[in-house]
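Chemist: build the 3D model from these lines:
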Amino acid sequence: MEISGSSRTTAQHPPGQEFSTAPGDAGEPCDLVTVPARQGLEAVDILRRGVTPAGAAPVVGPVLHDGPCDTLGFLVPPGTAAAWDMPGSACTQTNGRGLRIPAEPPVIGSGWLLPPESAGAVTDPAVLRRALGEAARLIEAADRCH
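Modeler: Modelled structure (predicted):
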């Protein structure tokens with residue numbers, strides 16, 4: 001995963017055949033939303049402390065941290081890439097390969113921020129979109145104060 005400028009990300013390391021949705025689920029694929037690490041970390045915090053209207057904590061799926069590229073990758077349901085248009089992020093389609101998420105990160109220099117065995121199912125893209133938007137607003141406000 002790579003950052004191009006401050007407002008756009010691209011997938012330098014697109015997900016390979018290693019990815020699927022939830023640990024132990026070998027049949028369903030996933031897509032990968034990548035964002036700058038600062039915004040992604042804010043979004044993870046927002047998602048982990050937030051509560052959905054139904055009263056349940058939002059599900060945060062596995063999150064990959066690519067240190068050399070300073071990005072986070074959120075696993076989301078298949079098909080998300082087709083409609084993902086959020087500025088400052090990219091969504092890579094895994095083409096329905098449907099294999100398991102690896103225990104070890106698939107990219108050298110990356111690591112799991114939220115590993116598959118301790119995270120929930122993939123992150124809901126609508127919930128992720130709201131959290132990323134809120135994170136961007138918080139970062140912008142903090143940067144204006146400096």
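Chemist: measure residue 124 to residue 68 for me?
Modeler: Computed as C-beta to C-beta, to the nearest Å, the residue 124 to residue 68 distance reads 28 Å. Just so you know, the C-beta spots here come from the backbone N, C-alpha and C atoms, and that holds for glycine as well.
Chemist: swap in residue 143?
Modeler: Distance from residue 143 to residue 68, by C-beta to C-beta: 24 Å.
Chemist: tell me which of residue 124 and residue 68 has more neighbours.
Modeler: The residue with more neighbours, out of residue 124 and residue 68, is residue 124; 20 against 13, by other C-beta atoms under 10 Å.
Chemist: settle this for me: that one is touching residue 50, isn't it.
Modeler: No - judged on C-beta atoms under 8 Å, residue 124 makes no contact with residue 50 at a distance of 11.7 Å.
Chemist: show me the beta-bridge partners of residue 75.
Modeler: With DSSP bridges as the criterion, residue 75 is bridged to residue 32.
Chemist: what about it, how many residues nearby?
Modeler: By other C-beta under 10 Å, the residues close to residue 75 number 29.
Chemist: pLDDT at it, what is it?
Modeler: Per-residue pLDDT puts residue 75 at 90.
Chemist: got it, and residue 100?
Modeler: At residue 100, pLDDT is 49.
Chemist: ok, the one 5 residues further on next?
Modeler: As summarised for this prediction, residue 105 has a pLDDT of 64.
Chemist: how about the one 10 residues further on?
Modeler: On pLDDT, residue 115 comes in at 86.
Chemist: which residue, neighbours along the chain excluded, lies closest to it?
Modeler: residue 62 (6.4 Å; C-beta to C-beta, 6 or more residues apart in numbering).
Chemist: residue 133 too?
Modeler: In this structure, residue 133 finds its nearest non-sequential neighbour in residue 86, 7.7 Å apart by C-beta to C-beta, 6+ apart.
Chemist: residues near residue 88, how many?
Modeler: A count of nearby residues for residue 88, using other C-beta under 10 Å, gives 17.
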